[in-house]
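# any chance you could fold what I've pasted below:
(one chain, ligands or ions: 1)
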Amino acid sequence: MIDNYIYDKKAELIIDGKTYTLPIVEGKEGEKAIDIRKLRSQTGYITIDSGFMNTGSCVSSITFLDGEKSILNYRGYAIEDLANNCSFVEVAYLLVHGSLPTQEQLSEFSQLLGGFALIHEDMIHFFDHFPPYAPPMSILSSMVNSLCNFYPEMSDNPGENIDMMAARLISKIRTIAAFSYKKSMGQPLVYPRHDYSYCANFLNMMFDSPVKPYVVNDAVVAALNKLLILHADHEQNCSTSTVRLVGSAKVNLYASISAGISALWGPLHGGANQAVIEMLEEIYENGGNYMKYIERAKNSKDPFRLVGFGHRVYKSHDPRSRIIKNACEQVLASMGFYSDPLLDIAREIEEVVLRDDYFVSRNLYPNVDFYSGIIYRAIGIPSNMFTVMFALGRLPGWIAHWKEMWDDPNWRIGRPRQIYIGPKRRPFVPVAERKAYPAQ
Ligand code: ACO
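Model prediction:
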């Protein structure tokens, strides 16, 4: 609750010679905010902040990140510790419930996930009616939205049902993702198995086939766990803010998450991991001249951007990209790929960019997406599924934020304001008397 964090210092704002005092809010890690909740009622002014570069939309106890110091913590635990020591299921539990599970809690949660892994058989027919080249993110968003029709009891009273809802969704999204891939390949569906871990189960549903049984590779399972953990939350990013905004209208969890999936689809957000691999492939196919692409990215007249670089919050290294770079090298070696041309190009681009004044002066470092696609590609996941993988990872974070908002006594529907710059009020003209004006 925001009022618990009001600090003893105050900010002063002077408008037309009149001084207004505004409270200051201070978070647990020392971040400070000017509390403007009463600004409009006291002064008649609003603030304008397109892209929400300086707007704190809530207080939250889920994730802390410091983009200047490359720090990312989930519920107080360093991302490095979680990625190196936990399974994705443990981290999902941590995000949703607030503490790491005991062995007993972990077994119970895993049992729940196993029990919920099937999707209603009627939903399977939906897959048949998407066009063959439908983007997997659109299928995922539609299927998650339709879950509320099959499990309507979960939409009511989420306070009591949240454990079930979280487990149901975290489990089923994996089945939906794997089924959509199998359908797109025209292959028979592979049903979930109770004896496999979360990630092994997903890989088996993706790659097992009647003619070639899938053999679970522990190094691949470990890499997938790591990737999902690294994506599991990132405080108020575009998709999480979308989940909160949609949910703020008291929309059920499934529909709110479905909206988050749509937001994640964008190439400036989750879609970047697909765009990175496409860019690296293009560079490779055109002879490997990456300098040409770096020069294009620096040209202000060219809209091209070096995908996988830059981040709204990290103005130094993205801590996730370092972990992923190491995981990438390990997984490729475990699969017998001792050299990968795309990894070589990626490494060389990173080396040049980190010394180039254009990128250094704008604090543009490799982000989480720069190396993740290389791992997915090595595992056999097609590039149009990369953003789906991101969604699988981000789901526990979305659920945790939706739950936190639901539990917040200060719940308010999200409704920003604006500064209007259109025409002033003007007389209505009947259609027969209207003249065509040049488009404005
Ligand atoms: N390549 C070249 N130039 C870049 C790049 C890039 N990847 N990213 C930013 N810049 C430049 C901009 O052109 C701008 O330059 P200018 O000051 O001369 O105009 C400056 O750096 C600041 O860029 P903004 O767009 O204002 O930064 P913002 O914080 O709004 O954008 C974003 C962040 C969207 C991630 C941006 O860096 C980008 O487009 N990166 C490429 C896409 C990408 O990798 N997205 C994944 C992000 S991570 C995630 O969502 C999980």
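# with adjacent residues omitted, what lies nearest to the residue of the chain found nearest the ligand?
Going by Cβ to the nearest ligand atom, the ligand is nearest to residue 310 of the chain, at 2.3 Å. Using the backbone N, CA and C atoms, a C-beta is placed for each residue, glycine as well. Excluding its sequence neighbours, the residue lying closest to residue 310 (Cβ to Cβ, 6 or more residues apart in numbering) is residue 364, at 4.4 Å.
# just checking, the one you found touches residue 307?
No - contact criterion Cβ atoms under 8 Å: residue 364 and residue 307 do not qualify, at 11.4 Å.
# look at the two and report which has more neighbours.
Taking neighbours as other Cβ atoms under 10 Å, residue 364 and residue 307 compare with residue 307 leading, 24 against 21.
# tell me the secondary structure for that one?
Recorded secondary structure, residue 307: coil (DSSP: H, G, I helix; E, B strand; the rest coil).
# which parts of this structure sit against the ligand?
268-269, 272, 297, 300, 305-312, 362, 364, 367-369 (Cβ under 6 Å from any ligand atom).
# 5 Å - rerun?
268-269, 272, 297, 305-310, 312, 362, 367 (Cβ under 5 Å from any ligand atom).
# dump those residues to a markdown table, plus pLDDT.
Output for the residues of the chain next to the ligand, formatted as a markdown table (pLDDT from 0 to 100):
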| residue | pLDDT |
| --- | --- |
| 268 | 86 |
| 269 | 87 |
| 272 | 85 |
| 297 | 96 |
| 305 | 93 |
| 306 | 95 |
| 307 | 92 |
| 308 | 92 |
| 309 | 94 |
| 310 | 93 |
| 312 | 86 |
| 362 | 95 |
| 367 | 90 |
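# please convert the buried members of those into ChimeraX selection syntax.
Of these, the buried ones can be selected in ChimeraX as follows, counting by 16 or more other Cβ atoms under 10 Å:
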select :269,272,297,305,306,307,308,309,310,367
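# show me where pLDDT drops low in this structure?
For the chain, applying pLDDT under 70 flags the ranges 153-159, 338, 439-440.
# what's the longest helix in it?
helix 158-185 (DSSP state H).
# flag every buried residue along it.
Of all the residues in helix 158-185, those buried under the rule 16+ other Cβ under 10 Å are 158, 161-162, 165-184.
# for that helix, enumerate the helices and strands it packs against.
Judged by 3 or more Cβ pairs under 8 Å, 6 or more residues apart in numbering; DSSP states H and E, helix 158-185 is in contact with helix 88-97, helix 103-115, helix 136-150, helix 198-207, helix 253-264, helix 386-407.
# what's next to the fourth one, contact-wise?
By Cβ atoms under 8 Å, 6 or more residues apart in numbering, the residues outside helix 198-207 that reach it are 87-89, 110, 113, 117, 174-175, 177-179, 181-182, 189-193, 196, 214, 216, 220-221, 224-225, 228, 379-381, 392.
# separate out the buried members of those residues.
For the contacts of helix 198-207, a burial check counting by 16+ other Cβ under 10 Å picks out 87-89, 110, 113, 117, 174-175, 177-179, 181-182, 190, 192, 196, 220-221, 224-225, 228, 379, 381, 392.
# re the thing from before, ok, the residue of the chain closest to the ligand touching residue 366?
No - judged on Cβ under 8 Å, residue 310 makes no contact with residue 366 at a distance of 9.2 Å.
# residues contacting the host helix or strand of residue 345, please?
Assigned by DSSP states H and E, residue 345 belongs to helix 341-353. Contacts of helix 341-353 with the rest of the structure, by Cβ under 8 Å, 6+ apart, involve 277, 280-281, 283-284, 288, 290-291, 293-294, 306, 308-309, 328-329, 332, 359, 364, 366, 370-371, 374, 377.
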